[in-house]
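[1] Could you work out the structure for the sequence below:
(chains A and B)
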Protein chains: 2
Amino acid sequence: MPELLRVTYTVQCGVGEDPRAKAADIAFEQTVELPGDCVSRPVTEAVVGRVESVAPVSHGAWRAVIAYPVAALDGSMSQLMTLLFGNISLKAGIAVREVEIPGALLARFPGPALGVDGMRDLCGVTERRPLLCTAIKPLGLGSKRLARICREFALGGVDLIKDDHGLANQLSAPFAERVARCAEAVAEANAETGGRSVYLPNVLTGGPEFERQIHLVQESGCRGVLVSPMISGFDAVAAIARTSGLAILAHPALAGSYFHAAHGIAPAVLLGQVFRLIGSDGVIFPNVGGRFNFSEETCRAIAGALGAKLGGVRPAFPVLAGGIHTDRVPYWLERYGPDTVYLVGGSLYRQGDLVQATKCLREVLATR
Amino acid sequence: MPELLRVTYTVQCGVGEDPRAKAADIAFEQTVELPGDCVSRPVTEAVVGRVESVAPVSHGAWRAVIAYPVAALDGSMSQLMTLLFGNISLKAGIAVREVEIPGALLARFPGPALGVDGMRDLCGVTERRPLLCTAIKPLGLGSKRLARICREFALGGVDLIKDDHGLANQLSAPFAERVARCAEAVAEANAETGGRSVYLPNVLTGGPEFERQIHLVQESGCRGVLVSPMISGFDAVAAIARTSGLAILAHPALAGSYFHAAHGIAPAVLLGQVFRLIGSDGVIFPNVGGRFNFSEETCRAIAGALGAKLGGVRPAFPVLAGGIHTDRVPYWLERYGPDTVYLVGGSLYRQGDLVQATKCLREVLATR
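    Model (predicted):
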């Protein structure tokens, strides 16, 4: 019996629309891109998805499960994403809710090279406390000033110090210069404190420049990197997960475009499964109650998918962000448990003294 | 006076929400990612967007124009996309409607290397008729069979013969084998007819594998390629537009995720401006009346953006797809004019004899 990729969609149907026909249309559109009567039986059996079930979920909405033969796949995330939602992204009222990936296919993806345990080792955090992450900002400051901020955060004991996501290769702090200075500043602070803060430059580009910047990151002695899979490409990230040895923190930039209830890809699938499979050791997403719109249920689902058993794939850290206030950290600690990263930015900056603000927050985390 | 990137958003506001505050929030979120009171005045002036106007457009919806200093940008599409919609994709009720790119920034993007005129030269189409494109399919056939289909389309006189978008690197027709056989088949048919059909393999991957497959495409003697910017990455495509010499046909896979009226990026911005700037010589999109959901207005806007004057950037072909029926081609010819590519697939397959079906359609196009 062949292994199957099982995808659960919700499909919206207007009056007179047949949900079974819509599901069958998805199965053909996402594989052979031809109507059923133009495709031979052997080809249909080999690669076209089979509609396993269609059931109503609410007024006008149906739940359809389609099982695709693995012969329709090639083992890359580019092609899996295309099969999941490529063409049907252009049709209304279809959303990918769940994806069940067979073992043979799972083994084709790198998954996190470090995962939760490897990230703890990297930061020298042996106790089971959550990790603390922050961002150097804002865009517009020079490299020297950003490096000083790095230093202060490292002195305060932040585990992961990432570039703000807006810091790319602007003239105010060009990539190569910024990375060199910030890496040096963190290394010096670590040497002074005996700490193990890790600086993660933001690599926000694609193509050969992506690889060039990753190389610069490695050369500067950095042990991790911030990437944006929706912008640099899924398989560009997968490639560095396979080969670079860097810890990979994934940013959800642009991903929110997919998160509509009736259309798109569920956050737990895209940020939880896809980002983990391509090798993210930590996945940033906006926690409930911050300045973005995720519900508590959505956040739990993403965190759940990042940590769930998934063949031999290592778990990845959920990285809670988007306006995490230092005062609220104890509240979230109760809910998310120790295998979590707290990305706190603005709330530290607001306190003025970054070293002190960070030390206070580190104490809150350490008591867990 | 500094050059500005001017972005027009629509912003949905609920009762009690202040559209001016929401617009200001976008201007800060997309640059410094800090509230205004945490950012110094020089930094604010240097990189934060300025809200130029906020005006109501309909009940609960406002039109906000924000001008960003070019110092906030680094000249890459990765970073421009991040600034346009990266973080705010995770907020509800914000859509990018129009983007006005200053000349200094335009010059940083490759734009189409061939453009409309270069594509005509490539295909040897000196008369001002629309071009004909088709797709070899379905997924599941072997390379030999796909090559035979290529041959038939080339004998029939199709200008552009692309891989179906679902053909990646599956075992049924592995990439290297398929490209070699199909390229050979088209070259042989061209030699027989004296035609200039161009075969465009589908490169659906990312990272170093993207470059490896592009290299294989070049080695096989192909003159063009089909790419998916939303999957392989914007700057991966821009890099090959700069250096490969290949004609670039861009597929909209996954792009539909962005096309919600109240959230996302307008199709004319994403498929019209962004895809053109990164170097697409032709951009595929589903025409109105096919099996997808674009309105005639949307299709016109995309085609308009692909052909509009844009500094020194060459115009790109709109490639009408998504269920173009051969019978309807004369109708569309009246509407889109000669600088258009018709991508006709299923409607040719349905006729059985591909050579004859293609010849008939070519005659329809030739009379324009």
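[2] roughly how far out does stretch A:204-215 sit from the chain middle?
    18 Å (C-alpha atoms, centre = their mean, to the nearest Å).
[3] list the buried ones in that stretch?
    A:L204, A:T205, A:G206, A:G207, A:P208, A:E209, A:F210, A:E211, A:Q213, A:I214 (16 or more other C-beta atoms under 10 Å in any protein chain shown). To be clear about C-beta, it is placed using only N, CA and C from the backbone, and glycine gets the same treatment.
[4] Stretch A:330-348 too?
    Those would be A:332-333, A:336, A:339-348, for stretch A:330-348 by 16+ other C-beta under 10 Å.
[5] just the buried residues of stretch A:204-215 that are near chain B?
    A:L204, A:T205, A:G206, A:G207, A:P208, A:E209, A:F210, A:E211 (C-beta under 8 Å from any C-beta of the partner chain).
[6] Out of those residues, give me the two with the largest separation.
    A:L204 and A:P208 (14.7 Å; C-beta to C-beta).
[7] So which of the buried residues of stretch A:204-215 are in strands?
    Per DSSP state E, strands hold no members of these.
[8] shouldn't A:F275 be in contact with A:P229?
    Yes - proximity of A:F275 to A:P229 meets the contact threshold set by C-beta atoms under 8 Å, at 6.0 Å.
[9] what sits in contact with each of these two?
    By C-beta atoms under 8 Å, 6 or more residues apart in numbering or on different chains, A:F275 and A:P229 have these common neighbours: A:A250.
[10] what does the stretch 101-250 of chain A have sitting close to chain B?
    Neighbours of chain B within the stretch 101-250 of chain A, by C-beta under 8 Å from any C-beta: A:135, A:137-141, A:164-166, A:168-172, A:204-211, A:228, A:231-240.
[11] mind running it again at 7 Å?
    Residues of the stretch 101-250 of chain A found near chain B (C-beta under 7 Å from any C-beta of the partner chain) are A:137-141, A:164-166, A:168-172, A:204-209, A:211, A:231-236, A:238-239.
[12] Now the buried members of the residues you listed.
    Buried subset of those (neighbour count, 16+ other C-beta under 10 Å): A:137-141, A:164-166, A:168-170, A:172, A:204-209, A:211, A:231-236, A:238-239.
[13] What ranges does the stretch 201-350 of chain A have for its strands?
    A:202-203, A:224-227, A:247-250, A:264-265, A:282-286, A:317-321, A:341-343 (DSSP state E, counting those that start in this stretch).
[14] Could I get the average pLDDT for the fourth one?
    Right, the one you point to is strand A:264-265. For strand A:264-265, mean pLDDT rounds to 98.
[15] who touches the very next helix or strand once past that strand?
    Next helix or strand after strand A:264-265 toward the C-terminus (DSSP states H and E): helix A:267. Contacting residues not belonging to helix A:267 are listed as A:F259, A:T298, A:A301, A:I302 [C-beta atoms under 7 Å, 6 or more residues apart in numbering or on different chains].
[16] One more: stretch A:52-69?
    A:2, A:4-13, A:19-20, A:23, A:26-27, A:31, A:46-47, A:49-51, A:83.
[17] now do the same end-to-end measure for that stretch.
    From its first residue to its last, stretch A:52-69 covers 12 Å (C-alpha to C-alpha, to the nearest Å).
[18] What are the buried residues along that stretch?
    Those would be A:V54, A:A61, A:W62, A:R63, A:A64, A:V65, A:I66, A:A67, A:Y68, A:P69, for stretch A:52-69 by 16+ other C-beta under 10 Å.
[19] circling back to that earlier point, restrict the buried residues of stretch A:330-348 to contacts with chain B.
    Among these, chain B is touched by A:G346 when using C-beta under 7 Å from any C-beta.
[20] of all the buried residues of stretch A:330-348, which comes closest to chain B?
    Distance to chain B, by C-beta to the nearest C-beta, is smallest for A:G346 among the buried residues of stretch A:330-348, at 5.4 Å.
[21] Could you check how far the closest one is from B:T243?
    41 Å (C-beta to C-beta, to the nearest Å).
[22] repeat for A:P56
    When A:P56 is compared with B:T243 (using C-beta to C-beta), they lie 52 Å apart.
[23] again with A:I136
    Distance from A:I136 to B:T243, counting by C-beta to C-beta: 33 Å.
[24] ok, now A:S232?
    A:S232 is 18 Å from B:T243, where distance means C-beta to C-beta.
[25] A strand includes A:A64, no?
    Yes - per DSSP: H, G, I helix; E, B strand; the rest coil, A:A64 lies within a strand segment.
[26] Could you give the bridge partners of it?
    A:Y9, A:V54 (DSSP bridges).
[27] Run through the residues that contact A:C38.
    With contacts defined as C-beta under 7 Å, 6+ apart, A:C38 is in contact with B:G346, B:Y349, B:R350.
[28] While we're on the nearest residue to the last one once chain neighbours are set aside, how confident is the model there?
    The one in question is B:R350. Nearest residue to B:R350, sequence neighbours excluded (C-beta to C-beta, 6 or more residues apart in numbering or on different chains): A:C38, at 6.0 Å. pLDDT, A:C38: 90.
[29] From B:L139, how far out is A:C38?
    Distance from A:C38 to B:L139, by C-beta to C-beta: 13 Å.
[30] what do you get for A:R196?
    48 Å.
[31] cool, and A:P69?
    Relative to B:L139, and taking C-beta to C-beta, A:P69 is found at 11 Å.
[32] what touches both of these two?
    A:V47.
[33] mind listing what A:K309 touches?
    Listed by C-beta under 7 Å, 6+ apart, A:K309 has no contact partners.
[34] and the gap between it and A:G103?
    12 Å.
[35] what does A:S40 give?
    Counting by C-beta to C-beta, the gap from A:S40 to A:G103 is 29 Å.
[36] Which pair of the buried residues of stretch A:52-69 spans the longest distance?
    Longest span within the buried residues of stretch A:52-69, C-beta to C-beta: A:A61 and A:P69, 27.0 Å.
[37] Tell me which helix or strand A:A46 sits in.
    Counting by DSSP H and E, A:A46 is found in helix A:41-47.
[38] now swap in A:L122 and tell me
    Assigning secondary structure by DSSP H and E places A:L122 in helix A:115-123.
[39] which residues make contact with that helix from outside it?
    A:114, A:131, A:159-160, A:196, A:198, A:223, A:247, A:281-282, A:314-317, A:339.
[40] chain center to whatever helix or strand comes next after that helix: distance?
    Remark: after helix A:115-123, the chain's next helix or strand is strand A:131-136, criterion DSSP H and E. Between the centre of strand A:131-136 and the centre of its chain there are 16 Å (C-alpha atoms, centre = their mean).
[41] Quick one: mean pLDDT over strand A:131-136.
    Per-residue scores along strand A:131-136 average to 97.
[42] likewise stretch A:187-199?
    98.
[43] Using CSV, write out the CA atom coordinates for it.
    In CSV, the C-alpha atoms belonging to stretch A:187-199 read as follows (Å, rounded to 0.1, in the frame of the first residue of the first chain):
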residue,chain,number,x,y,z
ALA,A,187,32.0,37.9,21.7
GLU,A,188,33.7,40.5,23.8
ALA,A,189,30.8,40.7,26.2
ASN,A,190,30.7,37.0,26.5
ALA,A,191,34.4,36.9,27.3
GLU,A,192,33.8,39.4,30.1
THR,A,193,30.8,37.7,31.6
GLY,A,194,31.6,34.1,30.8
GLY,A,195,28.2,34.1,29.1
ARG,A,196,27.1,32.4,25.9
SER,A,197,24.9,35.0,24.2
VAL,A,198,24.4,34.2,20.5
TYR,A,199,24.1,36.9,17.9
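[44] Mind listing what's buried along that stretch?
    So for stretch A:187-199, counting by 16+ other C-beta under 10 Å, buried means A:A187, A:A189, A:N190, A:G195, A:R196, A:S197, A:V198, A:Y199.
[45] Which one of those is nearest to chain B?
    Distances from chain B to the buried residues of stretch A:187-199, taken by C-beta to the nearest C-beta, are shortest for A:Y199, at 17.8 Å.
[46] can I get the ones next to chain B among the buried residues of stretch A:204-215 in a markdown table with pLDDT?
    Below are these laid out as a markdown table (pLDDT from 0 to 100):
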| residue | pLDDT |
| --- | --- |
| A:L204 | 98 |
| A:T205 | 98 |
| A:G206 | 97 |
| A:G207 | 97 |
| A:P208 | 97 |
| A:E209 | 98 |
| A:F210 | 98 |
| A:E211 | 97 |
